[in-house]
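Trainee: got a predicted structure plus its sequence, pasted below:
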Amino acid sequence: MSSISTINLKDLFLNGIIKENTIFKLALSLCPSIAVTNNLKNGIFMGLAVLFVQTMVNITISLMRKVIQPKVRLPIFMLVISGWVTITQMLMAAFVPDVYAKVGLYIALIVAFASILARAEMFASKNSIIPSMVDGLGMGAGFLFALTVISFFRELVGKGTLTVPTGLSTQHVFTFINTKPVLIMVLPAGGFLAVGILMAFFNWIDVRYMKKAAHASH
Amino acid sequence: MNSEFTKLFELIISASLINNFVFTRFLGLCIFFGVSKKMETAVGMSITFTAVMMISAALSWIVYTKVMIPLEITFLEIIVFIGIIAGLVQASDTIMRKVSPGLYYKLGIYLALISTNCIILAVPLVNAGEKYTFIQSLAFGLGSGLGFALALIIMASIREKLELADVPVAFKGLPMAFVITGLIALAFTGFSGLITL
């Protein structure tokens, strides 16, 4: 346990955003990344919901890690996750009903996210509360980042607008392109294209960066 | 009677083609991209998947209408459904291993994967939300399973060919699979409006 306390919390946080980004690097929990991202506002709120669930689950599991019997740990993890998802679902239905009407089904399906269960199993059940919380925040922030990038790209290209939430129930719609936008990007099919293109873009950066690093080391 | 039968048929068609879970509702994508590399695994997954989907739709309908509505605990639907599915997967794993080891060696690995699939959870949630009857729930489960099977098999047959294709380095693997799925989804939007429920 002593080695874990020496882990740099900042690195732990950044790990979730860059190195192990749930969507772009691990390709897990892809469903909402396409389903809710045709509008920047929905994307941001979905990301926030995941950030909240991931952090709270990590904290809860970490608090309970000494009491949980290893044999029944998976059902208990599932129970904790679905409990927090139910809470999130109710909070969103109460405070952001217009977003909830669109993304409700996908909020419920956060339960089946492999990434949340994986972090609970691999990290939170073995570490104390502060690293677990930071890990949850990092993974959640990585997810929020990915959803924001995808929905920013899709709404801007597909509709020529950006819907920025300015509060729980207020929003501001910026219009950038007044000519005919690329409608396909906000259609279901465009979601797959957008994620594919963005993934390829991040791969391309990776390849270039690695080439440079290889040159530098020579 | 006749119109009821037509309704069921429409439900199956709409769940499998028009509202295909993969292409228009974007569910089960992790499994979809994970097991669509080879035809053989895609077929195995489809069979296991459709069977589990129908059984879990039936079980969760019974629990939802006979237990949860009378007790007024419908807000617990997520917890209860995920429990039913996990239990069902575990049970069928054990039963299959004892009753038919041959089948278990062929399909057993897919069973374990299924409990983390969001379509399996989405079907009971949609059934509960739309207040389908028992038979309609079964039909919706069957249609969704067939739709997923169709998607997997189309994708697997394309990806087997794709192995030999020369794609740009950055697009290799998943990004290319995403672009292809986008194109298939575009084709599937052609089904919209085929049946209006």
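Mentor: The structure has been received and is ready for your questions. Residues are numbered from 1 along each chain as shown, chains lettered A, B, ... in the order given.
Trainee: show me what contacts residue 113?
Mentor: Using chain A. Neighbour list for A:Phe113: A:Leu28, A:Ser29, A:Val50 [criterion: Cβ atoms under 8 Å, 6 or more residues apart in numbering or on different chains]. The C-beta positions use only the backbone N, C-alpha and C, and glycine is treated the same way.
Trainee: let me rephrase: I mean chain B.
Mentor: B:Ile31, B:Gly34, B:Val35, B:Met45.
Trainee: give me that answer again for 10 Å
Mentor: A:Ala114, B:Cys30, B:Ile31, B:Gly34, B:Val35, B:Met45, B:Thr48, B:Phe49, B:Val89 (Cβ atoms under 10 Å, 6 or more residues apart in numbering or on different chains).
Trainee: which SSE is it in?
Mentor: Taking DSSP states H and E as the definition, one finds B:Leu113 inside helix B:101-114.
Trainee: buried residues, the very next helix or strand once past that helix. List them.
Mentor: Going down the chain from helix B:101-114, the next helix or strand is helix B:118-130, by DSSP H and E. Neighbour-count burial for helix B:118-130, counted by 16 or more other Cβ atoms under 10 Å in any protein chain shown, picks out B:Cys118, B:Ile119, B:Ile120, B:Leu121, B:Ala122, B:Val123, B:Pro124, B:Leu125, B:Val126, B:Asn127, B:Ala128.
Trainee: and chain A, which of those reach it?
Mentor: Restricting the buried residues of helix B:118-130 to those near chain A by Cβ under 10 Å from any Cβ of the partner chain leaves B:Cys118, B:Ile119, B:Ile120, B:Leu121, B:Ala122, B:Leu125, B:Val126.
Trainee: need the nearest residue in space to the last one, chain neighbours excluded.
Mentor: Just to be clear, that refers to B:Val126. B:Phe140 (7.0 Å; Cβ to Cβ, 6 or more residues apart in numbering or on different chains).
Trainee: how about the helices in chain B?
Mentor: B:2-13, B:29-35, B:39-63, B:69-71, B:77-99, B:101-114, B:118-130, B:134-162, B:174-188 (DSSP state H).
Trainee: out of these, nearest to B:Val22?
Mentor: helix B:134-162 (4.1 Å; Cβ to Cβ).
Trainee: can you name every helix or strand that the closest one contacts?
Mentor: For helix B:134-162, the packing partners by 3 or more Cβ pairs under 10 Å, 6 or more residues apart in numbering or on different chains; DSSP states H and E come out as helix B:2-13, helix B:29-35, helix B:39-63, helix B:118-130, helix B:174-188.
Trainee: how about stretch B:45-58 against chain A, any contact?
Mentor: No. Between stretch B:45-58 and chain A, judged by Cβ under 10 Å from any Cβ, nothing touches; the nearest distance is 12.8 Å.
Trainee: what mean pLDDT does that stretch get?
Mentor: Stretch B:45-58 shows a mean pLDDT of 86.
Trainee: about what we covered before: out of the helices and strands packed on helix B:134-162, which gets the lowest mean score?
Mentor: helix B:29-35 (a mean of 79).
Trainee: residues contacting A:Ala49?
Mentor: So, once contact is read as Cβ under 10 Å, 6+ apart, A:Ala49 ends up touching A:32, A:36, A:85, A:88-89, A:91-92, A:96, A:99-100, A:103, A:106-107, A:110, A:140, A:143-144.
Trainee: SS state for it?
Mentor: helix (DSSP: H, G, I helix; E, B strand; the rest coil).
Trainee: for A:Pro181, same thing?
Mentor: coil.
Trainee: okay, the helices and strands packed on helix B:134-162 in TSV with distance to A:Pro131 next?
Mentor: What follows is the helices and strands packed on helix B:134-162, written out as TSV (distance: least, Cβ to Cβ, whole Å):
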stretch	distance to A:Pro131
helix B:2-13	49
helix B:29-35	27
helix B:39-63	37
helix B:118-130	29
helix B:174-188	30
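Trainee: which one of those lies nearest to A:Leu79?
Mentor: Short answer: helix B:118-130, nearest of the helices and strands packed on helix B:134-162 by Cβ to Cβ, at 14.5 Å.
Trainee: what separates the closest one from the chain centre, distance-wise?
Mentor: Relative to the chain's own centre, helix B:118-130 is displaced by 10 Å; criterion: Cα atoms, centre = their mean, to the nearest Å.
Trainee: that older thread, out of the ones next to chain A among the buried residues of helix B:118-130, which is nearest to chain A?
Mentor: Checking these against chain A with Cβ to the nearest Cβ, the nearest one is B:Cys118 at 4.1 Å.
Trainee: and stretch A:181-199, what's its mean pLDDT?
Mentor: The model assigns stretch A:181-199 a mean pLDDT of 82.
Trainee: okay, buried residues for that stretch please.
Mentor: For stretch A:181-199, using 16+ other Cβ under 10 Å, the buried residues are A:181-182, A:184-199.
Trainee: list the contacts for the spatially most central residue of chain B?
Mentor: Geometric centre of chain B, nearest residue: B:Gly145, 4.3 Å, by Cα atoms, centre = their mean. For B:Gly145, the contacting residues are B:12, B:15-16, B:21, B:46-54, B:57, B:119-120, B:123, by Cβ under 10 Å, 6+ apart.
Trainee: make a ChimeraX selection of the buried ones in those.
Mentor: Selection of buried members from those for ChimeraX, criterion 16+ other Cβ under 10 Å:
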select /B:12,15,16,21,46,48,49,50,51,52,53,54,57,119,120,123
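Trainee: buried residues in the helix holding B:Leu113, which are they?
Mentor: B:Tyr104, B:Leu107, B:Gly108, B:Tyr110, B:Leu111, B:Leu113, B:Ile114.
Trainee: ok, stretch A:152-166 next?
Mentor: A:152-163, A:165.
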